[in-house]
Each structure stands twice: as C-alpha cells, then as structure tokens.
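**Q** quick one: sequence and predicted model below, then my questions.
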Amino acid sequence: MAFLMNRFLNMKLRSKFLLTYVVLILLTVLLIGTVTYYTSVNSIKSKITDFSSYLIEQIANNLEKKTKDVEDFAFNQFRMSEVADKLMAEGSDSAGFNVMESKMMLNFLNDFIHTKPYLHSAYLWTPSGTAGPRANYVERNGSLMQELVSLLNPQEVQDNWGRAMWVPGDSGIVYMQKALYDVRSTKFLGVLVLGVYDGYIREIYDSIDTLSGGDIYIVNEKNELLLPSRSVNGLDPAFITKSLKERYFAANTSIRSERGTFLSTMISISNDRWKVLHLISVKELTQDTEAIAYWTVTTCVIALFLAFLIAAFLASNITENIRRLLQSMRQFSGDYTHKAVVPKGRDEVAMLAEKFNFMSEKINELIHTVYAEKLSKQKAEYRTLQFEYKALLAQMNPHFLYNTLESIHSMAKLKGEDEIGELICLLGNLLRESIAKKGDFVSLSEEVEYIRKYLSIHQLIDSDKIEVFYEIDPSLMDVQVPRFVLQPIVENAIVHGIEAKPGKGVIRVRCQADTRDLIVEVTDNGIGMEEEVVRHLLQTEDRVQEDGQPAKHTQVGVNSVSKRIKMLCGDPFGLVIDSRPGEGTTIRIRLPMRIQGGLRL
C-alpha cells in the first residue's frame with residue numbers, strides 16, 4: 001500500500017488527474033450498478049415472497065377443506081350406521097361377529113369406496129381382534145393391506161382423541177386414520193383407516209407448481225411429506241425430509257442445497273396439523289437480472305472510455321498554466337530574474353500565477369533592501385547593548401542605596417539616634433524587598449510583614465496620626481498571594497483617606513477564608529470617596545485627571561492591583577470598593593486559596 005501511495009505521489013499532476021477521474025467514475029458506476037442489481041433482486045424476492053405467501057395460504061385453505069370433507073364423511077357414515085352398536089356388543093361378548101354381522105361390516109366399508117371415487121380402500125381395526133383382519137378390509141384394486149397395517153399405530157391414533165391423522169403411503173395412496181368412539185359412552189371402539197388417492201389432494205396445486213416455477217410440499221403434523229415428490233427443481237426428497245425434521249425451514253428464509261439456493265415460504269394451519277411449504281429457486285428468480293448485470297458492465301466500460309477522454313482534456317488544460325508557472329519559477333530560482341507569467345483563463349492556477357508575479361517583484365525589491373536591513377540590524381544590536389548596560393546600572397543603583405542606608409543606620413545607632421536608625425532600617429528593608437528577585441506570588445505572611453514595615457515608617461513619621469489593627473487567621477499565613485498586592489491599597493487609604501482627615505486615622509487589615517477563597521479587607525476611617533471616584537478608580541484604561549494630567553500614583557496603583565489579580569488568578573477574582581463620603585473606605589480583595597504547588601481544597 002505504501003509503495004502504491006508513493007507511486008501516486010510521484011506522478012505528474014496530469015497523470016494524477018487522469019487516474020483520479022477514472023477511479024471515481026469507475027467506483028460511482030460500480031456502486032450504482034451494484035445497488036441497482038441488488039435492489040432489483042431484493043424487490044423480485046420480496047414480490048415473489050408475497051405471492052408465495054398468498055399462494056400457499058390459498059392452498060392451505062383448500063387442503064383444510066378437502067381433508068375435513070373426508071373426515072366429516074367418515075364420521076357421518078359411522079354415526080349413521082349400526083357398526084357402533086355391533087362394536088359395543090363385540091366388546092361385551094367374546095363370541096365375536098356372526099356371518100350376518102361380518103357381512104354388515106363389509107357393507108359398511110364398501111359404502112366408503114363406492115360412494116367417494118377418491119377413496120381406494122377402507123379398513124376397520126378393533127381392539128378385540130376377534131374378527132379376521134381381512135374381513136375388516138376392502139379396496140378397489142391391488143393389494144395394499146400389508147402397507148396399511150404396517151403404517152397403523154392404534155395407540156397413537158387413540159391418543160389423538162378423535163382427531164384424524166394423515167400419513168403418507170406408497171403407490172399413490174395417503175391414509176386417513178381416525179379413532180372411533182361410542183357417542184353415548186365415549187368408549188373407544190376402534191380405528192377407521194381410509195386410503196385416499198393422492199390425486200385428490202395433489203389437484204389442489206398441480207397446476208400451480210408449473211405456474212410458480214417452484215416446488216410445493218404438503219407436510220403432516222409429524223413433519224413427514226404427505227405426497228410423493230414431483231420436484232420441478234430436482235430436489236432430493238431425503239433432503240427435504242431431513243430439513244423438515246431439523247426445522248431448517250421457516251417463513252421467508254433461504255436454504256442451500258446441492259441444487260442451489262432456494263427461497264422457502266411455509267405456513268401452518270390447524271395448530272400445526274398441516275404445513276404447506278413452497279420452495280423457489282433463487283437462480284430462477286434472478287435469471288432476468290442477468291440483463292441488468294450485462295448493461296451495468298457495458299455502461300462501466302463506456303463510462304470509463306468517456307471519462308478517460310474527458311480527463312485527458314481537462315488535465316491538459318489545467319496543467320498548462322501550472323507548466324508555465326513552473327518554468328518561470330525555475331528561471332527565477334536560477335538567476336533571480338523574473339519574466340511575468342501570462343496565464344490562460346481566470347481559474348485558481350491563473351490567480352496563483354498572478355500572485356507569483358507579484359511576489360517575484362516584491363522579492364526583487366527586498367533583495368535591493370537587504371544591505372540597508374543589515375545596517376539597521378547592526379544599529380539595533382548596538383542599541384540592545386546600550387539597554388543592557390543601562391539595565392545593569394539600574395540594578396546597581398538600588399543596591400548602592402540599600403548599602404548607603406545600612407551605613408546611615410549604623411551611624412545613627414552610634415550617635416544614639418535610635419528612632420532615626422529604626423526608620424532607616426525599615427526603609428532599607430522595604431528597598432531590599434522591592435529589588436529582591438522573587439516570583440509573582442509570595443506567602444501571605446511575607447506580604448503582611450511588608451505592610452507592617454511600610455505602616456511602621458508612616459507611624460514613625462506621623463507619630464500618633466495612624467493606628468493599625470490586624471485581624472488575620474494564623475492558618476492562612478502560608479496561602480500564596482500576588483506580590484505587592486496590599487501596599488498600593490494601604491497607600492491609597494493613607495493618602496486619600498487619612499491624610500485629608502483631621503484627627504487620628506485607623507486602618508484595619510483583615511484576612512479570612514470564604515469557602516474556597518481568601519478575602520483580604522483594608523478598611524480606613526478616612527474621608528471616603530464619591531461613587532464616581534470609585535468607578536474611575538477601577539477603570540482598566542489609562543486615566544487622566546480633569547486638568548489633562550495623568551492620574552495620581554496611588555490611583556494607578558489600585559488599578560494595577562486589580563488588573564494583576566485578574567491576569568494571575570482569573571476574572572472571578574479582583575477588587576470591590578465600598579466607600580461612603582465622610583465615613584471611610586473598605587477595599588475587599590478576593591483571591592483563590594493557593595498554597596505552594598496548587599490550590600487549597
């Protein structure tokens with residue numbers, strides 16, 4: 001398969017088009033032909049099955065009527081005769097029949113074969129058996145008594161409780177066996193056997209066999225073929241008998257034999273007393289579809305020939321523009337000189353050629369600007385080195401300031417200026433924290449410690465102006481929060497709330513858990529803010545003041561915290577500001593419960 005795929009991929013485009021057209025049309029025609037063929041066959045089978053079902057239903061009804069006529073005739077003859085009384089007397093008198101009674105018995109049996117021409121013989125079996133068996137038997141011609149007696153099982157007939165049994169015989173005779181009972185006492189008296197010419201039953205379907213082109217079989221309740229086979233299709237009777245015993249046949253099924261496949265239709269009547277089986281050769285059914293197969297193949301051949309001509313014409317037209325484009329590409333790749341391609345038509349390949357013409361012109365322009373770009377690149381590299389140098393200087397300056405502050409702190413301690421020394425120490429610690437190379441998240445304990453130092457500086461500067469209270473659940477200290485998330489909030493509370501208010505300012509920092517989230521609140525008792533100010537404070541775009549100047553640093557800081565939280569934690573998290581003029585402001589921060597390595601459940 002891989003070899004064939006490689007061969008196909010290595011073909012020229014014209015050959016690919018040609019092969020593709022041929023394969024597609026071949027598959028289409030074969031698919032349509034196959035579907036048409038099998039649809040026709042299935043349609044024929046369906047119609048034949050419906051016809052067969054109707055046919056054997058009529059046969060079954062006629063069979064039921066004919067066999068019932070024989071059984072009713074036998075019962076009426078017995079009921080109107082004096083045989084029942086004589087048989088009752090035979091059962092109570094072991095002396096048996098006298099000559100007159102035996103003659104009466106023969107007359108009773110002769111009445112059957114003389115009244116109905118379809119009856120060949122009649123036999124009366126009695127339980128006592130005192131009368132000779134030949135005295136109880138009459139027939140038209142031939143001698144079939146031995147066969148009749150061999151087929152009779154009196155106990156089996158008696159077990160049917162008056163229901164007649166039909167069994168097949170040889171020499172064109174079928175036998176109806178019926179138990180006889182006394183009408184008054186229901187005592188079993190014997191068995192009446194009537195030999196019926198098979199033509200009486202066969203005439204039901206003899207003409208239909210030829211008309212339907214199939215074989216019709218009459219089956220008794222013991223799954224035996226009632227009549228000798230006259231198979232149109234040459235089926236072996238032994239095969240039919242074996243299949244019946246093994247219950248291979250069912251309604252509307254197919255069965256295989258050495259003679260081919262046959263469609264079987266079977267119907268049961270009188271509680272499975274009779275079954276009518278119809279077998280039709282599938283080959284005979286589908287012989288007319290050979291014409292469909294012939295025309296399908298012929299159509300495929302013609303379609304392939306036409307497809308080859310059409311594909312060759314289309315492939316030639318399609319690949320002409322591609323050939324011109326390929327020739328131009330080879331020339332351009334060799335010496336970078338381009339001769340415009342003039343395509344035929346306005347199809348996709350023609351549009352591709354136009355785009356190639358445009359691209360080639362642009363490439364020529366780019367070739368002339370390569371030198372200028374190289375110079376620009378050198379200048380950019382030089383500027384990059386300058387930026388790196390400035391970044392190094394910017395990194396060195398904070399370290400220099402931190403070291404200087406440490407020196408001032410030591411000098412203040414030596415001179416006894418403890419308060420100044422503490423202030424410088426706190427400032428140095430804040431500077432060191434700000435330049436420390438940490439990630440985007442720190443623990444809540446580190447963030448709170450940073451705020452303690454920041455507020456301690458303000459308390460040292462403003463003396464009793466600011467009072468701070470912390471309400472923090474110790475179990476939350478290992479929760480990870482965005483770095484520097486509290487400092488802008490606290491700074492905003494001091495600058496915009498407490499500094500503008502006379503008297504002492506109070507700041508409360510609360511940290512608590514809310515389900516799976518962390519809630520951090522910073523509350524001040526400052527002058528508060530108007531609703532419009534709060535709205536502008538949380539706007540995400542760059543803001544300016546009414547005089548056109550950029551917004552204050554603290555306002556930008558609060559806005560930056562809000563955006564950083566949403567970027568790092570998602571939209572459900574962020575800031576909520578609750579402020580009332582003259583009463584104070586509460587900024588509530590909602591963060592996920594995040595510890596080192598994941599979320600706390």
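**A** Received, thanks.
**Q** going forward, measure contacts and count neighbours with C-alpha atoms only.
**A** OK.
**Q** quick one, strands of the stretch 301-450 of the chain?
**A** Secondary structure of the stretch 301-450 of the chain (DSSP state E, counting those that start in this stretch): strands at 441-443.
**Q** how about low-confidence regions in it?
**A** The model of the stretch 301-450 of the chain has pLDDT under 70 over residues 334-339, 341-345, 371, 382, 384-407, 409, 412-414, 416-418, 435-438.
**Q** ok, 50 please
**A** Under the criterion pLDDT under 50, the flagged ranges of the stretch 301-450 of the chain are 389, 392-393, 396.
**Q** would you state the helices of the stretch 501-601 of the chain in chain order?
**A** Counting by DSSP state H, counting those that start in this stretch, the stretch 501-601 of the chain has helices at residues 531-537, 553-569.
**Q** I'd like those helices as JSON lines, with mean pLDDT appended.
**A** Formatted as JSON lines, those follow (pLDDT from 0 to 100):
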{"stretch": "helix 531-537", "mean pLDDT": "84"}
{"stretch": "helix 553-569", "mean pLDDT": "78"}
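**Q** partners of residue 125 in the sheet?
**A** residue 191 (DSSP bridges).
**Q** tell me which residues touch it, please.
**A** Applying CA atoms under 8 Å, 6 or more residues apart in numbering to residue 125 gives the contacts 133, 136, 190, 191, 192, 193.
**Q** list just the nearest of these to residue 38.
**A** residue 193 (51.5 Å; CA to CA).
**Q** surely that closest one is in contact with residue 173?
**A** No. Using CA atoms under 8 Å as the test, residue 193 is too far from residue 173 to be in contact (11.9 Å).
**Q** coming back round to it: quick one, which of the contacts of residue 125 are buried?
**A** For the contacts of residue 125, a burial check counting by 16 or more other CA atoms under 10 Å picks out 136, 190, 191, 192, 193.
**Q** let me know the closest of these to residue 223.
**A** Distances from residue 223 to the buried ones among the contacts of residue 125, taken by CA to CA, are shortest for residue 193, at 20.1 Å.
**Q** what's the separation between the closest one and residue 126?
**A** Residue 193 sits 11 Å away from residue 126, going by CA to CA, to the nearest Å.
**Q** element containing the residue lying closest to residue 166 once chain neighbours are set aside?
**A** Distances taken as CA to CA, 6 or more residues apart in numbering put residue 176 closest to residue 166, at 4.6 Å, once the chain neighbours are dropped. Residue 176 belongs to strand 173-181 when assigned by DSSP states H and E.
**Q** then that strand to PDB, C-alphas only?
**A** The C-alpha trace of strand 173-181 is given here as PDB (Å, rounded to 0.1, in the frame of the first residue of the first chain):
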ATOM      1  CA  ILE A 173     -52.100 -43.500  -1.600                       C
ATOM      2  CA  VAL A 174     -52.300 -41.500   1.600                       C
ATOM      3  CA  TYR A 175     -54.100 -42.800   4.600                       C
ATOM      4  CA  MET A 176     -56.500 -41.000   6.900                       C
ATOM      5  CA  GLN A 177     -56.600 -42.700  10.400                       C
ATOM      6  CA  LYS A 178     -59.400 -41.800  12.800                       C
ATOM      7  CA  ALA A 179     -60.300 -43.200  16.200                       C
ATOM      8  CA  LEU A 180     -64.000 -44.300  16.700                       C
ATOM      9  CA  TYR A 181     -65.800 -43.700  19.900                       C
END
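**Q** alright, that wraps it up for me.
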